[in-house]
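S.K.: Provided below for reference: sequence and predicted model.
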Amino acid sequence: MLKKFVTENGRLGEIKEYLPGCWVALTKPEKNECEEVASKYGIEISDILAAMDDEESSRIDVEDEYTMILFDIPAVEIRHKQEAYTTIPLGIIWTEDVIITICSEETPILQQFMNNFVKSFSTKKQVRFCYQILLRACMVYQSYLRVIDRKRIEMEERISNKTEDADIISLHELESTLVYFDTSLRANRLVLERVSRYSKIRRYPEDQELLEDVIVENQQAIEMTQIYRDIMRGTRELMSSVIDNRLNNVMKYLASITIVMAIPTIISGIYGMNVDSRWVPLASVPYGFEIICAITALICIITLKILRKRKML
C-alpha cells in the first residue's frame, strides 16, 4: 500500500501526487510500488526492500542523496494461538524534500501520525519528523512492556489457586518477547549513537534535544526490559517451586494412605495363615473377629493422628 501525506496548517492530509515536503508511506507494499518510489527519488531498491526483511538488523546508512535508518519496532503477532509481541524493522529514508517510511505491517506508531493523534509535527521537517517517529516507537515499547508486566502479575495471582499448562506456555512466550525486545532495543541504541555522531546529518538545536529524548527513552525501555526479565525469571522459579511443592504434598498424602491401608492388610495376612487356631490370638474367643477389627481400626486411628501431627496429612 502506497500513501502520500503532507502537513498544511498543522494538519496532516492525504494527497495524490508527489509533492516537495511530503511523506511517502509504504505499508506492505507491492514490488512495483517499491520500484516506483525508488525510481522517483533515486533510491537503491535494495534499501527499500531491506525494510521488508524481518531478519534485517538495525542500521544507518548516510549517502550523498539520502539517509536511511532501519529501526526495530514492536509488533503484535499470534504464537501458539495467543497474542504475543515481536519486533520488525521500520525503514525511514529522507532526502532533501521528502521522507519515506517502509514497513511490512501496519503499525500503531505510524497510524498515530496518520490519524493526527500526534501534535506539532511537519512532514517538511524530515529529520525532526524522523526523530518523532523514533520517539513514538520507544514509547510503544514501554507501553507493551507494561502490558507484559500486567500479564505476569495476573499469572502470579493464579499461582496460589491453580496453575494451568496455559500459564506456563504464556510465561514462556512473555520471556521470549522480552528477549526479542532486549536484542532490538540494544541494536537501536547503537543506531541512535551513530545518528548523534554523524556530522553529515543536518540538525537544528531543537532536533538535537529531540534526539536526546529518543536516546533517553530507548535507554529507559532497555532498563525496563532487564528489570522485567529478572522479575519474570523469579516468577518462573516461583511457579516451578509451587508445582514441585504440590507434587510433594500429593506424594506425602499417597504415602500416608498407603501406610494406613497396610495395617489391616498385615493383620489380615497374619490371621489368614494356615496354622493351628491354638496359636492364633482370639481365635477361640467369642466375638473374636469383631475384637480384631476394633483393634485394627484403633491402630489405624492412632497412626492417622501420628501422621497428622507430623504434617504428613
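M.R.: Yes, it's here.
S.K.: Double-check that residue 173 belongs to a strand.
M.R.: No - under DSSP: H, G, I helix; E, B strand; the rest coil, residue 173 falls outside any strand and is assigned helix.
S.K.: Name the SS class of the closest residue to it other than its chain neighbours, please.
M.R.: Spatial nearest neighbour of residue 173, excluding adjacent residues (Cβ to Cβ, 6 or more residues apart in numbering): residue 84 at 4.8 Å. (Glycine included, C-beta is placed from N, CA and C.) Classification of residue 84 using three-state DSSP returns strand.
S.K.: Residue 84 against residue 144, yeah?
M.R.: No - between residue 84 and residue 144 there is no contact under Cβ atoms under 8 Å: 10.3 Å.
S.K.: one step back: just list whatever residues bridge to the residue nearest to residue 173.
M.R.: residue 77 (DSSP bridges).
S.K.: And it, how close does it get to residue 113?
M.R.: Between residue 84 and residue 113 the distance, using Cβ to Cβ, to the nearest Å, works out to 25 Å.
S.K.: between the two, who's got more neighbours?
M.R.: residue 113 (21 against 17; other Cβ atoms under 10 Å).
S.K.: which residues touch the more buried one?
M.R.: Going by Cβ atoms under 8 Å, 6 or more residues apart in numbering, residue 113 touches 12, 121, 132-133, 136.
S.K.: Buried residues in the helix or strand where it lies, which are they?
M.R.: Using DSSP states H and E, residue 113 falls within helix 108-114. Within helix 108-114, the residues scored as buried using 16 or more other Cβ atoms under 10 Å are 108-110, 113-114.
S.K.: how far does stretch 26-35 stretch from start to finish?
M.R.: Taking Cα to Cα, to the nearest Å, stretch 26-35 runs 11 Å from one end to the other.
S.K.: Now residue 139. Nearest residue, chain neighbours left out?
M.R.: Closest residue in space to residue 139, ignoring its immediate chain neighbours: residue 217 at 6.4 Å, by Cβ to Cβ, 6+ apart.
S.K.: Now do the host helix or strand of that neighbour: which elements does it pack against?
M.R.: Assigned by DSSP H and E, residue 217 falls within helix 205-271. Under the contact definition 3 or more Cβ pairs under 8 Å, 6 or more residues apart in numbering; DSSP states H and E, helix 205-271 sits against helix 126-159, helix 165-197, helix 288-309.
S.K.: would JSON lines of those with mean neighbour count, distance to residue 93 and mean pLDDT be doable?
M.R.: Below are these laid out as JSON lines (neighbours: other Cβ atoms under 10 Å; distance: least, Cβ to Cβ, whole Å; pLDDT from 0 to 100):
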{"stretch": "helix 126-159", "mean neighbour count": "19", "distance to residue 93": "9", "mean pLDDT": "89"}
{"stretch": "helix 165-197", "mean neighbour count": "17", "distance to residue 93": "14", "mean pLDDT": "87"}
{"stretch": "helix 288-309", "mean neighbour count": "13", "distance to residue 93": "74", "mean pLDDT": "87"}
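S.K.: Turn the ones you listed into a markdown table, columns for distance to residue 267.
M.R.: Compiled in a markdown table, the helices and strands packed on helix 205-271 are given as follows (distance: least, Cβ to Cβ, whole Å):
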| stretch | distance to residue 267 |
| --- | --- |
| helix 126-159 | 43 |
| helix 165-197 | 43 |
| helix 288-309 | 5 |
